[in-house]
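Colleague: Build me a model:
(one chain, ligands or ions: 2)
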Amino acid sequence: MLTEQKLSGIEKIKTQSNGLRGTLVESLQDEITGAIREDDQAVIKFHGMYQQDDRDRREERAEKKLDRLYSFMIRLRLPGGFLTAKQWEATHHIAGEYSTGVIKITSRQTIQLHGLVKSAIKPTIQAFNASNLDSIATCGDINRNVLCSSHPNESAIHAQVFAYADKISELLMPKTKAYYEIWLGDEKIVDKKDEEDPLYQDRYLPRKFKIAIAIPPNNDVDVYANDIGLIAVIENEQLKGFNIAIGGGLSTTHGNPETYARIGTVIGFTDTEEKTLKVIYEILTIQRDYGNRSDRKLARLKYTIDKLGVNWFKLELEKRIGFALEEAKPIAFTQRVDHFGWQTNAQGLWYYTVLVENGRVLDTETLPLKSALLAIAKTGLSNFRFTCTQNLILSDIQADDKQTVHAILEKFGIIAHTELSSLIRKNSMACTSLPTCPLALAEAQRYLPDLLTKIEPILEKYSLSKEAIVIRMTGCPNGCARPYLAEIGFVGTAPGKYNLHLGGDRQGERLNKIYLESIDEATILKTLDGLFAQYATEKIANETFGDFSVRKNWVI
Ligand code: SRM
Ligand code: SF4
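Modeller: Ligands and ions are numbered 1, 2, ... in the order given. Modelled structure (predicted):
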């Protein structure tokens, strides 16, 4: 084990946090500042929150010698991304009362609220708790929200596979009761044995940890971007088990060649639930014991695996689980899509997938999306599911109720918005970035819609509007909208400047590469014009833009 390493500062904060309590109680009571103490900023992440400030207002406040405008972002734990109509209605009101009002669907199938002032945190958590919702372990060095293919029409046994997201989330929850004590006023734990944690101990994991479950042929979860990817093996509508991929992760750091994006390596297959859960648990214990705890840039599972070797990792895993993994079964991903519009599943229930640009649910002058969703929630006729491309599925609607939901969607202009939007817009995704993200170097969700408006006519010019090109943008190289798995990826380098990545495939099995560095909008549009012109005239039948980029050696 890597005991000789000098531990990073965060490691000490974790072990000295008294089961993730830190001094949060004192920080919350301090009325002099809207911020919390520095160490608590690390601790609060494990409770699903980040301290942020409004970056649009930094300069103005600095000039007035004012403190930054601090606020908090809260992220819910929603395994598989599911809310009932009642829970959506509650979320709508909580967002209105305590946050900016915008409900943000994330690239990991959950929702975030931004702009909570310190005194609003407790009432927000208590209001969510009243709706059986929590934000435990959605951030921090721990297992995060577990993803599962969103589209119930994808498989007759979707519900069976979907249930694994909950099981895994429960299995990997921390044992500390700090969340209940601090935010919900539960009694203090007297006997520390009650919260002994054999998995996380008092040091938790070296870094964040992500798990996703995919149901082929749709790789809508981007399964290979996760520390653990489970790929459902289904034969004759029976779940046979899961292929297991390990070591996916996308983040890089500009100018640090030791960092890289990596797609998961498939190491085998498990057939039973017991075995699958055991494998997952022990992958975490290996990462806990061998992950890098001195350099957080190199602490994700992907680096542990590459340092120790896939074979070593598999042998160590088999030692810990006590059985050998079976050979991976053949599976095939042929798509990575959200099925917009109406769909039905094997049980005859209906689903409407709504395009939510960059996951931002709000009312604008032209699109009152938030009001439309509230009206639907109030009917109680539909559940709410979130996709990993920040869209929303109104789900589990009885055939007799379909028309009622349809009429509301139509009245608020949601049908037209969803169905008339271009294919490239439907296949786009941008991260939150400015003004809340402290790490942003360039705009993303506030900019991509406008950039797409300029890209759409270029595609039309070359009769390429029917190409479902996957395009993604992030404001920095951390990769929160998974731009490295897009056919066209933009990664922010500085205000108004992006690296342009090309060559990802359509189903999310191949990373793209940098084609041009740090280019501005004019260069982006001119470059794409040239590339689309070639693609239009030289592509072979059904060749995707990503595959064409590789065939043309645009990226080597
Ligand atoms: Fe992320 C950090 C937003 C998915 C890789 N991410 C952040 C923070 C919390 C900034 C910070 O550390 O202070 C961002 C908050 C911005 C804000 O105001 O909302 C942030 N990440 C997001 C979300 C909301 C983007 C979105 O618009 O949807 C996604 C929330 C997912 C969720 O619900 O849990 C989000 N982040 C991702 C993904 C995509 C994925 O997991 O499929 C990645 C790349 C995959 C991966 O992990 O390798 C990702 N986020 C990062 C990283 C780099 C991690 C690393 O390995 O180095 C950071 C920075 C860090 O952890 O130090 C980061
Ligand atoms: Fe922030 Fe960078 Fe993630 Fe975008 S990719 S949300 S800018 S950390």
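Colleague: Close to ligand 1: what parts of the stretch 451-556 of the chain are there?
Modeller: Counting by CB under 6 Å from any ligand atom, the residues of the stretch 451-556 of the chain close to ligand 1 are 478-482. C-betas here are computed from N, CA, C, even on glycine.
Colleague: check contacts around whichever residue of the stretch 51-200 of the chain sits closest to ligand 2.
Modeller: The stretch 51-200 of the chain approaches ligand 2 most closely through Ser107 (9.1 Å), counting by CB to the nearest ligand atom. By CB atoms under 8 Å, 6 or more residues apart in numbering, Ser107 lies in contact with 359, 388-390, 429, 431, 480-482.
Colleague: Recalculate using a threshold of 6 Å.
Modeller: 390, 481 (CB atoms under 6 Å, 6 or more residues apart in numbering).
Colleague: do the one 10 residues further on as well
Modeller: Each residue near Val117 by CB under 6 Å, 6+ apart is listed here: Ser71.
Colleague: I'd like the distance between it and Val25.
Modeller: 17 Å (CB to CB, to the nearest Å).
Colleague: now, which of the residues of the stretch 451-556 of the chain next to ligand 1 sits nearest Trp183?
Modeller: For those, the residue nearest Trp183 by CB to CB is Cys480; the value is 25.6 Å.
Colleague: from what I can see the closest one touches Cys431, true?
Modeller: Yes: taking CB atoms under 6 Å as the definition, Cys480 is a contact partner of Cys431 at 3.8 Å.
Colleague: Can you work out which residues contact both of those two?
Modeller: What both Cys480 and Cys431 touch, as defined by CB under 6 Å, 6+ apart, is the set Thr474.
Colleague: So which of the two has more stuff around it?
Modeller: More crowded of Cys480 and Cys431, by other CB atoms under 10 Å: Cys431, with 27 against 23.
Colleague: Next, find the distance separating that one from ligand 2.
Modeller: With distances taken as CB to the nearest ligand atom, to the nearest Å, Cys431 is found 3 Å from ligand 2.
Colleague: need the contact list for Phe46.
Modeller: Phe46 neighbours (CB under 6 Å, 6+ apart): 20, 140.
Colleague: and it, helix, strand or coil?
Modeller: Judged by DSSP: H, G, I helix; E, B strand; the rest coil, the three-state class of Phe46 is helix.
Colleague: For Leu24, see how far away it is.
Modeller: As judged by CB to CB, Phe46 and Leu24 stand 10 Å apart.
Colleague: what does Gln16 give?
Modeller: Gln16 sits 13 Å away from Leu24, going by CB to CB.
Colleague: Comparing these two, which shows the higher neighbour count?
Modeller: Leu24 (22 against 11).
Colleague: mind listing what that one touches?
Modeller: When contacts are counted by CB under 6 Å, 6+ apart, Leu24 touches 40, 182.
Colleague: what do you get for Lys302?
Modeller: Taking CB under 6 Å, 6+ apart, one finds 247, 249, 262 in contact with Lys302.
Colleague: Can you tell me the SS state at it?
Modeller: Lys302 - assigned by three-state DSSP - is helix.
Colleague: what's the answer for Leu394, then?
Modeller: With three-state DSSP as the basis, the three-state label of Leu394 is strand.
Colleague: Thought Ser382 was touching it, still the case?
Modeller: Yes: with contact defined as CB under 6 Å, Leu394 counts as touching Ser382 (4.3 Å).
Colleague: And Asp505, how close does it get to Gly546?
Modeller: Relative to Gly546, and taking CB to CB, Asp505 is found at 5 Å.
Colleague: hang on, I meant Ala346
Modeller: In terms of CB to CB, Ala346 sits 32 Å off from Gly546.
Colleague: Ile157: neighbouring residues, count only.
Modeller: Neighbours of Ile157 under the rule other CB under 10 Å: 16.
Colleague: centre of the chain versus the worst-scoring helix or strand of the chain on mean pLDDT, how much separation?
Modeller: Ranked by mean pLDDT, DSSP states H and E, the weakest helix or strand in the chain is helix 58-63, scoring a mean of 90. Centroid displacement of helix 58-63 relative to its chain, using CA atoms, centre = their mean, to the nearest Å, is 32 Å.
Colleague: Check which helices and strands it sits against.
Modeller: Helix 58-63 is packed against no helix or strand, with contacts defined by 3 or more CB pairs under 6 Å, 6 or more residues apart in numbering; DSSP states H and E.
Colleague: in that helix, what's buried?
Modeller: Under the neighbour-count criterion of 16 or more other CB atoms under 10 Å, helix 58-63 has nothing buried.
Colleague: Spatially nearest residue to the residue nearest the centre of the chain (excluding sequence neighbours)?
Modeller: Nearest residue to the geometric centre of the chain (CA atoms, centre = their mean): Arg108, 2.2 Å. Nearest in space to Arg108, with sequence neighbours left out and distances taken as CB to CB, 6 or more residues apart in numbering, is Asn145 at 5.2 Å.
Colleague: Can you tell me the SS state at that neighbour?
Modeller: coil.
Colleague: now swap in Glu460 and tell me
Modeller: In three-state terms, and counting by three-state DSSP, Glu460 is helix.
Colleague: when you give positions from now on, start the count at 228
Modeller: All right, first residue 228 from here; so that's Glu687.
Colleague: Could you check how far it is from ligand 1?
Modeller: Glu687 is 28 Å from ligand 1, by CB to the nearest ligand atom.
Colleague: With Glu694 instead?
Modeller: 24 Å.
Colleague: Count the residues that sit near that residue.
Modeller: Per other CB under 10 Å, the neighbour tally for Glu694 reads 21.
Colleague: Which pLDDT value goes with Pro484?
Modeller: The model reports Pro484 with a pLDDT of 95.
Colleague: hang on, it in a helix?
Modeller: No: looking at Pro484 with three-state DSSP, it is coil, so not inside a helix.
Colleague: just how off-centre is stretch 715-722 within its chain?
Modeller: Relative to its parent chain, stretch 715-722 has a centroid offset of 19 Å by CA atoms, centre = their mean.
Colleague: list the buried ones in that stretch?
Modeller: Of the residues in stretch 715-722, 715-720 count as buried by neighbour count, 16+ other CB under 10 Å.
Colleague: what's the average pLDDT for it?
Modeller: 98.
Colleague: Quick one: classify Glu316 as helix, strand or coil.
Modeller: Under three-state DSSP, the three-state class of Glu316 is helix.
Colleague: Helix, strand or coil: sort out the residue nearest to it when sequence neighbours are not counted for me.
Modeller: With sequence-adjacent residues excluded and distances taken as CB to CB, 6+ apart, Glu316 is closest to Ala604, at 4.3 Å. For Ala604, the assignment made with three-state DSSP gives helix.
Colleague: give me the number of residues near Ala604?
Modeller: A count of nearby residues for Ala604, using other CB under 10 Å, gives 23.
Colleague: For the stretch 328-477 of the chain, which segments are assigned as helices?
Modeller: 345-357, 385-398, 405-411 (DSSP state H, counting those that start in this stretch).
Colleague: Please name every helix or strand in contact with the first one.
Modeller: Spelled out, it's helix 345-357. Going by 3+ CB pairs under 6 Å, 6+ apart, helix 345-357 lies up against helix 312-325, helix 405-411.
Colleague: switch the cut-off to 7 Å
Modeller: Helix 345-357 sits against strand 297-302, helix 312-325, helix 405-411, with contacts defined as 3 or more CB pairs under 7 Å, 6 or more residues apart in numbering; DSSP states H and E.
Colleague: That'll do, ta.
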